[in-house]
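Enquirer: Show me how the following folds:
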Amino acid sequence: MGACFLSFSVSLRLPSFLPPPQFAASRRRRRETASNAFSRRGLVERRRPAPPPRTLLALNFVGVQIHLSGLGLISSSVVLQRARSIWPGRGCSLFSRNFGGSLGRVTMDMWIRQAEVWVGQAESWIRQQPPEQIYVAAAVVALSILVLIAASCLKSSKPNTIVLSGLSGSGKTTLFYQLRDGSSHQGTVTSMEENNDTFVLHSEKERKGKVKHVNIVDVPGHARLKPKLDEVLPKAAGVVFVVDAQDFLSSMQAAAEYLYDILTKAIVVKRRVPVLIFCNKTDKVTAHSQEFIKKQLEKEINKLRESRNSISSADISDEVELGVPGEAFNFGQCQNKVTVAEGAGLTGNVSSVEQFIREYVKA
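Expert: Residues are numbered from 1 along each chain as shown. Just a heads-up that it's a prediction; the model follows:
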C-alpha cells in the first residue's frame with residue numbers, strides 16, 4: 001500500500017518539472033522549425049553569455065575614466081590607452097569608435113551643470129552685496145561699453161583723403177600718377193578737372209600685412225576751380241601743397257596767396273589739418289632749395305597777413321587770423337602742423353609725400 005502511494009505521488013509531481021515526452025518532442029520540433037526559418041533569413045540571434053566579473057570591473061573602471069575626462073582631469077587619449085590595456089580585442093575597437101561622441105556629450109553636460117553652479121553662486125554673491133555697490137558697478141560697466149563704442153566709431157570715421165593742391169603747372173597730376181601707378185605717364189598737361197581715386201600706394205603694393213587704401217584728390221590749380229578745394233577740405237586727413245621749385249620766383253606771390261587761403265580756412269585750423277609744402281622739380285639744375293622756398297613763402301605770407309588784417313572782419317568771416325600779432329610770421333606759429341620737403345614727381349622721388357601720407361592715414 002505504501003509503495004503504491006509513493007509511485008502515485010511521484011507520477012503526479014513529474015509534470016511540474018519535466019514535461020511529458022509528447023509535449024517535449026512537440027516543443028523541440030517547434031524550436032527547430034523556428035531556428036531553421038530564422039537561419040535562412042540570417043536573423044539568428046544568439047544569446048551572449050554573461051560577461052565575466054573581470055569584464056564588469058573593466059567597464060566600471062573605464063566609466064570612471066570617462067567621468068574624469070569629462071571633468072578635464074585626464075585626456076581622452078589616456079582613457080583609450082587604459083581601455084586597451086584592460087579590455088583588448090574587438091570590444092575596445094567598438095569602445096574607441098563610440099567614445100568620442102559619448103565623451104563629447106558627457107563633457108557638454110558637465111559644463112552645463114558647472115555653468116549653472118557658477119550662475120547660482122554669482123546670484124548668491126550679488127544678493128549679499130549692498131545695492132549701492134551694485135549700482136556703481138553697473139554704471140562703470142555701462143560707461144566702459146559706451147567708451148569702447150565711441151572709440152570704435154571714431155576710429156572707423158577717421159578720414160583717409162589726401163588733397164593735392166597748388167598752382168597750375170606745379171606738377172600735381174604727375175605726383176598723383178606716381179603715387180598710384182609708379183609712373184609719370186610721360187608727363188602730363190595742365191588739367192581742368194580733378195583726379196580723384198582710392199588706391200594702395202604703388203610703393204606699398206608688395207608690402208605684406210594690412211595696408212590701408214588712400215583717397216587722393218588732385219584739385220586743379222586754376223583760379224576758377226579753387227572753390228572745389230572747399231568741397232574736399234572738410235574730409236581731408238592732410239594737404240600736400242605742391243610748389244614748382246624750378247620756376248618759383250615768377251610764381252612766388254601767387255603761390256603764397258594760395259597757401260595763405262588754405263592756412264586761414266576755419267575748417268583747416270579747427271580740425272588741425274596737417275600741410276606738407278612739397279618743393280617739386282628739385283632734380284633740375286636751376287631749382288631752388290626747400291630752405292629758400294620756405295623763407296620766401298613766410299615773408300610773402302607775412303605781407304599778406306598785414307594787408308588782410310586791415311580789412312573788416314565782415315569780409316573775412318571764414319578766415320582765421322594767422323601767426324602771432326607783432327611778430328614776423330613763420331610756419332611754426334600755425335595751429336596745424338606745416339612741414340616742408342623736396343622731391344621730383346617726374347623721376348619718382350616722392351618718398352617724402354608717401355611718408356606724409358602714411359603718417360596721417362594709418363593702416
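Enquirer: all contacts plus neighbour counts: C-alpha atoms, from now on.
Expert: Fine.
Enquirer: Low-confidence stretches in the stretch 201-350 of the chain?
Expert: 309-318 (pLDDT under 70).
Enquirer: who does the strand of greatest length in the chain pair up with?
Expert: Looking across the chain with DSSP state E, the single longest strand is strand 236-244. Using DSSP bridges, the strands paired with strand 236-244 are strand 161-166 (parallel), strand 275-280 (parallel).
Enquirer: Tabulate these in CSV, adding columns for distance to Asp181.
Expert: Below are those laid out as CSV (distance: least, C-alpha to C-alpha, whole Å):
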stretch, distance to Asp181
strand 161-166, 16
strand 275-280, 18
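Enquirer: Of all the ones you listed, which one is nearest Pro220?
Expert: Evaluated over the strands paired with strand 236-244, closeness to Pro220 peaks at strand 161-166, with 7.2 Å, by C-alpha to C-alpha.
Enquirer: hmm, who's touching the closest one?
Expert: With contact meaning C-alpha atoms under 8 Å, 6 or more residues apart in numbering, strand 161-166 is reached by 172, 176, 214-221, 232-233, 235-243, 255, 258-259, 357, 361.
Enquirer: can you check stretch 217-224 too?
Expert: Contacts of stretch 217-224 (C-alpha under 8 Å, 6+ apart): 161-168, 172-173, 176, 191-197, 225-226, 228-229, 232.
Enquirer: same check, this time on stretch 351-363
Expert: So stretch 351-363 is contacted by 159-162, 179, 201, 210-214, 237-238, 240, 276, 278, 341-343 (C-alpha under 8 Å, 6+ apart).
Enquirer: List only those of those residues flagged as buried.
Expert: By neighbour count, with 16 or more other C-alpha atoms under 10 Å, the contacts of stretch 351-363 hold 159-162, 179, 201, 213-214, 237-238, 240, 276, 278, 341-343 as buried.
Enquirer: Could you single out the nearest of the residues you listed to Ser307?
Expert: Distance to Ser307, by C-alpha to C-alpha, is smallest for Leu276 among those, at 24.9 Å.
Enquirer: how close does that closest one get to Val163?
Expert: 10 Å (C-alpha to C-alpha, to the nearest Å).
Enquirer: Which neighbours do the two have in common?
Expert: Applying C-alpha under 8 Å, 6+ apart, one finds that Leu276 and Val163 are jointly contacted by Gly238, Val239, Val240.
Enquirer: Next, format those as JSON lines and append distance to Met110.
Expert: Formatted as JSON lines, those follow (distance: C-alpha to C-alpha, whole Å):
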{"residue": "Gly238", "distance to Met110": "58"}
{"residue": "Val239", "distance to Met110": "61"}
{"residue": "Val240", "distance to Met110": "63"}
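Enquirer: Mind exporting the C-alpha coordinates of the longest strand of the chain to PDB?
Expert: Provided in PDB are the C-alpha atoms of strand 236-244 (Å, rounded to 0.1, in the frame of the first residue of the first chain):
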ATOM      1  CA  ALA A 236      40.900 115.800 -45.700                       C
ATOM      2  CA  ALA A 237      43.400 114.000 -43.500                       C
ATOM      3  CA  GLY A 238      46.200 116.100 -44.900                       C
ATOM      4  CA  VAL A 239      47.000 118.600 -47.600                       C
ATOM      5  CA  VAL A 240      50.000 118.400 -49.900                       C
ATOM      6  CA  PHE A 241      50.700 121.900 -51.400                       C
ATOM      7  CA  VAL A 242      52.900 121.500 -54.500                       C
ATOM      8  CA  VAL A 243      55.400 124.300 -55.400                       C
ATOM      9  CA  ASP A 244      57.400 124.500 -58.700                       C
END
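Enquirer: outside of the helix or strand just after that strand, which residues touch it?
Expert: Using DSSP states H and E, the helix or strand that follows strand 236-244 towards the C-terminus is helix 248-263. The contact list for helix 248-263, computed with C-alpha under 8 Å, 6+ apart, reads 166-167, 241, 243, 268-269, 288, 293, 296-297, 300-301, 304, 319, 322, 334.
Enquirer: Now do helix 248-263 against strand 236-244, angle only.
Expert: Inter-element angle recorded for helix 248-263 and strand 236-244: 160 degrees (by axes from the mean of the first three to the mean of the last three C-alpha atoms, to 10 degrees).
Enquirer: Okay, buried residues for the next helix-or-strand element following helix 248-263 please.
Expert: Downstream of helix 248-263, the next assigned helix or strand under DSSP H and E is helix 266-270. Neighbour-count burial for helix 266-270, counted by 16+ other C-alpha under 10 Å, picks out Ala266, Ile267, Val268, Val269.
Enquirer: again, but for stretch 247-259
Expert: Within stretch 247-259, the residues that count as buried by 16+ other C-alpha under 10 Å are Phe248, Met252, Gln253, Ala255, Ala256, Glu257, Tyr258, Leu259.
Enquirer: Run a quick check on Asp181 versus Glu204, I expect a contact.
Expert: No. Counting by C-alpha atoms under 8 Å, Asp181 does not reach Glu204; the two are 11.0 Å apart.
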